[in-house]
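Novice: Have a look at this fold, sequence not included:
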């Protein structure tokens, strides 16, 4: 799973900066940190 902020931004039709702002506002974290956590959890689920 090689997803980055630019990939997320392209899918939701926002700028990478807007995605960063919304992540911080809604989830109190950065997209990069969120993706890092997801990548750590994913191997545990399988």
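Specialist: Now that the structure is in, tell me what you want to look at. On a predicted model such as this, the values are computed, not experimentally measured, just so you know.

Novice: Dead centre of this protein: give me the residue that sits there.
Specialist: Nearest to the geometric centre of the chain sits residue 31, at 3.3 Å (Cα atoms, centre = their mean).

Novice: That one: what's it in contact with?
Specialist: Residue 31 is in contact with 5, 8, 19, 20, 23, counting by Cβ atoms under 8 Å, 6 or more residues apart in numbering. C-beta: built from backbone N, CA, C; applies to glycine.

Novice: Which helix or strand contains the closest residue in space to the second one that isn't next to it in sequence?
Specialist: So that's residue 8. The shortest distance from residue 8 to any residue other than its chain neighbours is 5.4 Å, reached at residue 19 (Cβ to Cβ, 6 or more residues apart in numbering). Following DSSP states H and E, one finds residue 19 within helix 16-27.

Novice: Need the contact partners of that helix.
Specialist: By Cβ under 8 Å, 6+ apart, the list of residues contacting helix 16-27 from outside reads 5, 6, 8, 9, 12, 14, 29, 30, 31, 34.
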